[in-house]
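*Asks:* I need the structure of the sequence given here:
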Amino acid sequence: MPTAEHLKRNERSRGAAVRDAERKYRALVESTDTGYLILDSKGAVTDANGEYLRLTGRRSMKDILGRSVTEWTAPYDRERNAAEVKKCLARGHVRNLCLDYVGPRGRVVSVEINATVTGSGASRRIISLCRDVTERKSMEKALRESEAKYRVLVEGANDIVYSVSVDGTLTYISPAITRYGWLPAELVGKNMLLFVALEDRERIASELKLTAKTGREFVSEFRGLTRDGGVVWFRDHGRVQRDGAGDVSGVSGVLVDVTESRRAAEMLAAGEKRYRTLLEATFDLVFLLDRSGRFLYANPTTLRYLGKKESEVMGRKFQDFFPSWTRKEQKKFLDKVFLSGRPICRERELPFSGLMKTLETHAIPVKDPGGRVSALLGVSRDITERKRMENMRLANKRLEMELAVCKAAQTVKKVPTLAHDVNNALTAINGYS
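*Replies:* All right, here's what the predicted structure looks like:
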């Protein structure tokens, strides 16, 4: 029969074995790249390894022990995670649960969780294995986005999808070509240049050959022909096709009808040309300044008044072309427009090439799409001659008033002389009688 000492030695031996096994277990758990987590029956953390701590974004075990996993679960997954913990305790396991954890600094980590319940009653524990699947989720998202783009491409009935062999022969063209009077059957097997306008055929043929040779994608625009001889504009985005051996077998692409956008661009260009012609022909000074007062545009009249070439003005500050004694007041004027966001009109005398000119300037704020004043449009009219004429009229009026006063004064002076003459005449008459 074993003695008490023998029993103690056996107990110590078993304790040492348990501790040794626990150390090996802990070393194994800590060395894995899988997060290891133990929850009690209330869903609070009782133990975890370093990898799980990393997944939560916390620095120390004391930051997670005794806490609910929902504390570092993303707000949009929090309710679902709490429900899954209850389900796990009820049915004994949870498989492939994916949700997001958020660290203290906002870093999001996607986690896949597989858990099993051990024990019973109050001693029940949830043992969970948690893997970082952030990269996988990102790849899945990218794949979904790629598939969405592919679906848009395939299902976009307004765009024409085509394939040509290395010699330019059409091997496929989508039914969208029928909108232009052509039938796919009458084009397949023929050269793609059949429905390309003569003016662009040589260029398109060269681009197809270059793409087949270099393997690089290309984007080009050309004039296409409808079945009845009409002309439309296409934007062609193509890339090479390769066979099983990796050799170039042809080119595939998508044709997008850009006729309306081309027409709109041409109308816009024509409109811009008309406005530019007006700006360049006007006798007014028209200029555009950025928020720092630098020239973005100056019409010929502005350049003529400044006595500079366009290259000498662009990018320089408006105030640089005037004497220093005017700069402070001019900066104040520009700042007022930018700060108020309202048009301002003023008259100001400024020296140009040594001569003082009076300008009537309308400063108009130009706002960006966000409503912020990003530039100032200035329109200045030289009113020097008008002001001179106004001053002359005022001087003439003053002169007329002064003359009228002088005449009135002279009339008053003549009154005593006239009275004297009348008295003399009366005296003579009285004497005669």
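
*Asks:* helices or strands up against the host helix or strand of Thr46?
*Replies:* Element membership for Thr46 (DSSP states H and E) is strand 45-48. Other helices and strands packing on strand 45-48, by 3 or more CB pairs under 8 Å, 6 or more residues apart in numbering; DSSP states H and E, are strand 35-39. Quick note: C-beta positions are derived from backbone N, CA and C, even for glycine.

*Asks:* so what's Thr282 closest to, chain neighbours aside?
*Replies:* Spatially, and ignoring its direct neighbours in sequence, Thr282 is nearest to Thr301 (6.5 Å; CB to CB, 6 or more residues apart in numbering).

*Asks:* checking my notes, Ala363 in a strand, right?
*Replies:* Yes: counting by DSSP: H, G, I helix; E, B strand; the rest coil, Ala363 is located in a strand.

*Asks:* surely Tyr52 meets Ile38?
*Replies:* No: checked against CB atoms under 8 Å, the pair Tyr52 and Ile38 is beyond contact range at 9.7 Å.

*Asks:* which one's more surrounded, the two?
*Replies:* Counted by other CB atoms under 10 Å, Tyr52 and Ile38 do not tie: Tyr52 has more neighbours, with 25 against 17.

*Asks:* average pLDDT across the helix or strand harbouring that one?
*Replies:* According to DSSP H and E, Tyr52 maps onto helix 50-56. Mean per-residue pLDDT for helix 50-56: 92.

*Asks:* which is the next helix or strand following that helix?
*Replies:* Immediately after helix 50-56, counting by DSSP H and E, sits helix 75-91.

*Asks:* how about that next one: buried residues?
*Replies:* 77-78, 81, 84-85, 88-89 (16 or more other CB atoms under 10 Å).

*Asks:* Three-state assignment for the most centrally placed residue in the chain, please.
*Replies:* With distances taken as CA atoms, centre = their mean, Pro369 lies nearest the centre of the chain, 10.1 Å away. For Pro369, the assignment made with three-state DSSP gives coil.

*Asks:* on that earlier part again, redo the buried residues of helix 75-91 as JSON lines? Include pLDDT and distance to Thr56.
*Replies:* Compiled in JSON lines, the buried residues of helix 75-91 are given as follows (pLDDT from 0 to 100; distance: CB to CB, whole Å):
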{"residue": "Asp77", "pLDDT": "95", "distance to Thr56": "13"}
{"residue": "Arg78", "pLDDT": "94", "distance to Thr56": "14"}
{"residue": "Asn81", "pLDDT": "93", "distance to Thr56": "13"}
{"residue": "Glu84", "pLDDT": "93", "distance to Thr56": "17"}
{"residue": "Val85", "pLDDT": "92", "distance to Thr56": "15"}
{"residue": "Cys88", "pLDDT": "92", "distance to Thr56": "18"}
{"residue": "Leu89", "pLDDT": "91", "distance to Thr56": "21"}
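
*Asks:* show me where pLDDT drops low in the stretch 251-400 of the chain?
*Replies:* Within the stretch 251-400 of the chain, the ranges that satisfy pLDDT under 70 run 271.

*Asks:* which SS class is Val256?
*Replies:* Assigned with three-state DSSP, Val256 falls in the strand class.

*Asks:* quick check: closest non-adjacent residue to it.
*Replies:* Nearest one to Val256, counting by CB to CB, 6+ apart, is Arg235 at 4.6 Å.

*Asks:* now do Tyr305
*Replies:* The nearest residue in space to Tyr305 (CB to CB, 6+ apart) is Phe352, at 4.9 Å.

*Asks:* who does that neighbour bridge with?
*Replies:* Legend: beta-bridge partners of Phe352 under DSSP bridges are Leu355.

*Asks:* what residues are up against Gly253?
*Replies:* 161-162, 236-239 (CB atoms under 8 Å, 6 or more residues apart in numbering).

*Asks:* on that earlier part again, go through the helix or strand encompassing the residue nearest to Val256 and flag the buried ones.
*Replies:* For Arg235, the enclosing helix or strand under DSSP H and E is strand 231-242. Neighbour counts using 16+ other CB under 10 Å place 232-236, 238, 240-241 of strand 231-242 among the buried residues.

*Asks:* what does stretch 244-263 give?
*Replies:* Buried residues in stretch 244-263 (16+ other CB under 10 Å): 249-257, 262.

*Asks:* stretch 127-134 now?
*Replies:* Buried positions in stretch 127-134, judged by neighbour count with 16+ other CB under 10 Å: 127-128, 130-134.

*Asks:* for those, which one is nearest Gly293?
*Replies:* Lowest distance from Gly293 to those (CB to CB) belongs to Thr134, with 49.0 Å.

*Asks:* per-residue pLDDT, the closest one?
*Replies:* Note on Thr134: pLDDT of 91.

*Asks:* ok, for it, nearest residue in space, not its chain neighbours?
*Replies:* Ser110 is the one closest to Thr134 (CB to CB, 6+ apart), at 4.5 Å.

*Asks:* cool, and Arg107?
*Replies:* Distance criterion CB to CB, 6+ apart; nearest residue to Arg107, sequence neighbours excluded, is Gly57 at 5.7 Å.

*Asks:* residues contacting stretch 326-338, please?
*Replies:* The contact list for stretch 326-338, computed with CB under 8 Å, 6+ apart, reads 289, 291, 293, 318-319, 322, 343-344, 346, 350-351, 363-365, 373, 376.

*Asks:* hmm, try it at 10 Å
*Replies:* Residues outside stretch 326-338 that contact it (CB atoms under 10 Å, 6 or more residues apart in numbering): 289-293, 317-320, 322, 342-344, 346, 348-351, 361, 363-366, 372-378.

*Asks:* which residues does Pro300 contact?
*Replies:* 279-282, 285-286, 310.

*Asks:* can you give me the distance of Lys86 to Ser41?
*Replies:* 11 Å (CB to CB, to the nearest Å).

*Asks:* now swap in Glu266 and tell me
*Replies:* Going from Glu266 to Ser41 by CB to CB gives 75 Å.

*Asks:* so which of those two has more stuff around it?
*Replies:* Between Glu266 and Ser41, counting by other CB under 10 Å, Ser41 is the more crowded of the two (15 against 10).
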